[in-house]
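Trainee: no FASTA, just this:
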Ligand code: V47
């Protein structure tokens, strides 16, 4: 039976949205809210899978990468974060350039993508980051250096009393290729005020990404969901990101991040169900029609849920990762890293074709 020609979507009151998806037409804010309100996650998933298949066939991408967190000391103190430490608090750390290089050297495979992020440390100046980037770039000239969220970029600019454009320009000269998508959380000011009042605002986050695109850098986007935000605030977040992409065209991949609750100061009444996670990933695919890739980030989702996400609109499985702290401090029960063959087996196991990529999503 062809689901799309049956009355399945009519019965779900989604016939008009199905028609738009079939015609490759942009969905509205109201469509996004209705998709979230649909009581049948499988119907939303089928629409997202249709779109994902049109864009990528049965391919599921992965990258040989290595995450490095240079510090957990952070001045922002976001209430959801289990990773942050105050300066001087036990468990706080700062890596040296040699520590970073040693971690990369110890990775089982030479990385094609190096993902470096950390807390907003009160005293690490831009020279520290230029030094690390130059050293990593010299040692791994072919790897894409995907480093520092827009929140960190804003913090470096503040510490150095220079513009974010100058920070980006200097880091690009040192080898930066991309900004990861972190720090976006939920754009709605009301939510940010409660979750992360000291962090860069939504407008600053978006402006820094657009500035990065203007300088020829690619970036990713994220959304942290399943805490205190409403469905309308999720849709608002996705629409604002879509508008940003219409302006500057530099977002490569979007990563929906389900909130993990362990060791967090944020108490929530209704933790996410697995189906809600999948439905949210599907709505992200359907609304973000101008962002090529949706990531099933196995670290936060867990590997089995990440496999399911490949049938709910996601097409990227992130990568080998090797060591991850932000999600694991918050209770992620996934492994620290996966091998290339584990990634390929998992992707094949759910009927997709594994495709190894580089940091810019070029197939290798
Ligand atoms: O910005 C923090 C989130 C993000 C929790 O660009 C939490 O390719 C869930 O952005 N539960 C960092 N999430 C991770 C990130 C990322 C990861 C992988 C790939 C890419 C990419 C980006 O993690 C933070 C925040 O939104 N986060 N605490 C938590 N308790």
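Mentor: It's in. All figures in this text were calculated on a predicted structure; none of them were measured in a lab.

Trainee: How far does the lowest-mean-pLDDT helix or strand in the chain sit from its chain's centre?
Mentor: Here the helix or strand of the chain ranked lowest by mean pLDDT, DSSP states H and E is helix 326-329, holding a mean of 92. Distance, stretch centre to chain centre, for helix 326-329: 14 Å (Cα atoms, centre = their mean, to the nearest Å).

Trainee: Stretch 62-71 too?
Mentor: 13 Å.

Trainee: Could you do stretch 238-258 as well?
Mentor: 10 Å.

Trainee: now check it, is it near the ligand?
Mentor: Yes: shown here: stretch 238-258 in contact with the ligand (Cβ under 6 Å from any ligand atom) through 255, 257. (C-beta placed from N, C-alpha, C; glycine too.)

Trainee: Quick one: end-to-end length of that stretch, please.
Mentor: One end of stretch 238-258 to the other measures 15 Å (Cα to Cα, to the nearest Å).

Trainee: List the buried residues for it?
Mentor: By 16 or more other Cβ atoms under 10 Å, the buried positions in stretch 238-258 come out as 238-242, 244-245, 248, 250-258.

Trainee: Same question for stretch 280-290.
Mentor: Buried-residue list, stretch 280-290, by 16+ other Cβ under 10 Å: 280-289.

Trainee: show me where the stretch 101-250 of the chain has helices.
Mentor: 126-139, 150-160, 164-173, 189-195, 202-214, 231-248 (DSSP state H, counting those that start in this stretch).

Trainee: ignore the last one, the stretch 251-364 of the chain
Mentor: 274-287, 298-301, 303-309, 326-329, 340-349.

Trainee: Phi first, then psi, for the closest residue to the ligand within the stretch 151-300 of the chain.
Mentor: Here the stretch 151-300 of the chain gets closest to the ligand at one residue, residue 182, 2.7 Å apart by Cβ to the nearest ligand atom. When read as degrees, to the nearest 10, the backbone of residue 182 gives phi -60, psi 170.

Trainee: From residue 149, how far out is it?
Mentor: From residue 182 across to residue 149, the span is 4 Å (Cβ to Cβ, to the nearest Å).

Trainee: who has more neighbours, those two?
Mentor: residue 149 (25 against 21; other Cβ atoms under 10 Å).

Trainee: returning to what we had before: which helices and strands sit right next to the least confident helix or strand of the chain?
Mentor: helix 298-301 (3 or more Cβ pairs under 8 Å, 6 or more residues apart in numbering; DSSP states H and E).
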